[in-house]
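J.: pasting the sequence and the predicted coordinates here, then a few questions.
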Amino acid sequence: HSSLFIYLQNALERAIIYAQTGRNISYGIQTQQMPYPCWINDKFSNAISRMLPLFMVLSWIFTVSMNVKDIVHEKEK
């Protein structure tokens, strides 16, 4: 694995084990990259990424308009 974190974590673990037990434990590091499926185009995420801002604006407009209507109604009383 190409991450420096794994080697740093291993060194820290060995230091903690040595500090608590007084013994130097030698063990190897084995890593395996998580498998993930290959895809070219995800139609669902593309559709959501286009439609979500529209839905959010529409819901905001509805909420604001209802609040304005209630405020105006209250001020008219």
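T.: Arrived safely, thanks for sending. Residues are numbered from 1 along each chain as shown.

J.: next one: the longest helix anywhere in the chain to chain centre, how far?
T.: In the chain, ranked by residue count with DSSP state H as the criterion, the top helix is helix 43-76. Helix 43-76 has its C-alpha centroid displaced from the chain centroid by 26 Å (C-alpha atoms, centre = their mean, to the nearest Å).

J.: give the other helices and strands that that helix contacts.
T.: With contacts taken as 3 or more C-beta pairs under 8 Å, 6 or more residues apart in numbering; DSSP states H and E, helix 43-76 sits against no other helix or strand. Backbone N, C-alpha and C define where each C-beta goes, glycine included.

J.: break this protein into its domains for me.
T.: Using automatic domain parsing, the domain parsing of the chain gives 1-36, 37-77.

J.: now those domains in CSV, with mean pLDDT and mean neighbour count?
T.: Converted to CSV, the domains of the chain look like this (pLDDT from 0 to 100; neighbours: other C-beta atoms under 10 Å):
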stretch, mean pLDDT, mean neighbour count
domain 1-36, 83, 9
domain 37-77, 91, 9
